[in-house]
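A.B. asks: Structural data only, the sequence is not supplied:
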């Protein structure tokens, strides 16, 4: 069920502490941690603590939690020192977009130039 922890979800297990992660921020509704396969010098994932399969499902079920994820992404950028030089927030939705963990999450990427369109 949406919002409920899923026993087979990697990110739900990070939220509960069953799987370790390098946590850089935590709020009442979100957790932010370093990506284990960084694509930029700064690559942090911001996830809602409640389980939702993707960004669209999160926004539909809990708009405030979706806003919390985006707010925390901005705070991560500030904490990481990339807010002034620029950063990218990426929300992959579906396998065709590259989503591999089906728990909504935002990638905060920065510390290098970002090209558009992405390759």
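C.D. replies: Everything's here; your move. Keep in mind that this is a model prediction, so the values were computed, not measured.
A.B. asks: can you give me the helices in the chain?
C.D. replies: Remark: helices assigned in the chain by DSSP state H are 10-16, 55-61, 63-79.
A.B. asks: How about residue 25: what's its closest non-neighbour residue?
C.D. replies: residue 32 (4.0 Å; C-beta to C-beta, 6 or more residues apart in numbering). C-betas here are computed from N, CA, C, even on glycine.
A.B. asks: Please tell me I have it right and the one you found contacts residue 22.
C.D. replies: No. Residue 32 lies out of contact with residue 22 (C-beta atoms under 8 Å); the separation is 9.8 Å.
A.B. asks: More neighbours: which of the two?
C.D. replies: Under the criterion of other C-beta atoms under 10 Å, the comparison of residue 32 against residue 22 puts residue 32 first, with 25 against 10.
A.B. asks: Bridging across strands, which residues link to the more buried one?
C.D. replies: Per DSSP bridges, the residues bridged to residue 32 are residue 25, residue 46.
A.B. asks: quick one: contacts for it?
C.D. replies: Going by C-beta atoms under 8 Å, 6 or more residues apart in numbering, residue 32 touches 23, 24, 25, 26, 44, 45, 46, 47, 72, 73, 76, 108.
A.B. asks: per-residue confidence for the residue lying closest to residue 49 once chain neighbours are set aside?
C.D. replies: Nearest residue to residue 49 in three dimensions, chain neighbours excluded: residue 15, at 5.0 Å (C-beta to C-beta, 6+ apart). On the pLDDT scale, residue 15 is placed at 97.
A.B. asks: Also residue 1?
C.D. replies: Looking at residue 1, the pLDDT reads 59.
A.B. asks: Who's the closest spatial neighbour of residue 53, skipping the chain neighbours?
C.D. replies: Per C-beta to C-beta, 6+ apart, closest to residue 53 is residue 102, 4.8 Å.
A.B. asks: pretty sure the one you found contacts residue 55?
C.D. replies: No. Counting by C-beta under 8 Å, residue 102 stays clear of residue 55, with 11.1 Å between them.
A.B. asks: Could you check which of those two is surrounded by more residues?
C.D. replies: The neighbour count for residue 102 versus residue 55, taken as other C-beta under 10 Å, is higher for residue 55 (22 against 19).
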